[in-house]
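Peer 1: how does the following fold in three dimensions:
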Amino acid sequence: MRLIDKPDLTKAQQIAKAASAFEQKRTGNVPKSVTVVQCDGTLVITLHGALSQAERALSQKNPAGAAQVQEFHRKLFASSSDSLRQEIKRITGVEVREATAEVEPASGTVVGVFTSGTTVQVYLMAENISAESWNTSETCKT
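Peer 2: Numbering: from 1, shown residues only. The predicted structure is shown next:
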């Protein structure tokens, strides 16, 4: 039994493990951590610390280097995300209609967004928001 098939893992944990394995396979880098959130048909996977030291160094030197790293990861994701999309479908039972990735070079964060045809805005916060201050029952309401 594969680790991501363990029945005691939530779907979010299974997707996080699949995304981490996908990132390692396609780039050779293991993210420091993975966050998975889903609401109303939108799944967001954030890979923290996913860039290599060389990519972080290039990104920090100048804006052109950061743009080069961003474009490289967008193209890499676009050309290789089918296997992750299939794994998400296997785990959730729901097909992925659209997928895109964005890179925040300064922090080394890669965000993968899988949507059902909606516009998605992703904001990477400067620090964690405490669980006590976050009203989880209101997470998906507007």
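Peer 1: could you use CA atoms for every contact and neighbour count after this?
Peer 2: Fine.
Peer 1: so what's Ile91 closest to, chain neighbours aside?
Peer 2: Leaving out its chain neighbours, the residue that sits closest to Ile91 by Cα to Cα, 6 or more residues apart in numbering is Lys11, at 6.4 Å.
Peer 1: dump the residue contacts of Gly49.
Peer 2: 31-33, 107-110 (Cα atoms under 8 Å, 6 or more residues apart in numbering).
Peer 1: ok, Leu47 touching Lys32?
Peer 2: Yes. At 7.5 Å, Leu47 counts as touching Lys32 under the criterion of Cα atoms under 8 Å.
Peer 1: compare the two (neighbour count), which wins?
Peer 2: Remark: of Leu47 and Lys32, Leu47 carries more neighbours, 24 against 13, as counted by other Cα atoms under 10 Å.
Peer 1: can you give me the distance of the more buried one to Gln24?
Peer 2: Distance of Leu47 to Gln24, given as Cα to Cα, to the nearest Å: 11 Å.
Peer 1: give me the common contacts of these two.
Peer 2: By Cα under 8 Å, 6+ apart, Leu47 and Gln24 have these common neighbours: Pro31.
Peer 1: the helices in this protein, which residues?
Peer 2: Assigned helices in the chain, in chain order: 11-27, 53-61, 63-80, 82-92 (criterion: DSSP state H).
Peer 1: buried residues in the third one, which are they?
Peer 2: What it means is helix 63-80. If you call a residue buried by 16 or more other Cα atoms under 10 Å, then helix 63-80 has these buried ones: 65-66, 69-70, 73-74, 77.
Peer 1: which one of those residues sits closest to Ala16?
Peer 2: Nearest to Ala16 among the buried residues of helix 63-80 is Phe77, at 16.2 Å by Cα to Cα.
Peer 1: does the closest one touch Val103 like I think?
Peer 2: No. Phe77 is beyond contact range of Val103, at 10.6 Å (criterion: Cα under 8 Å).
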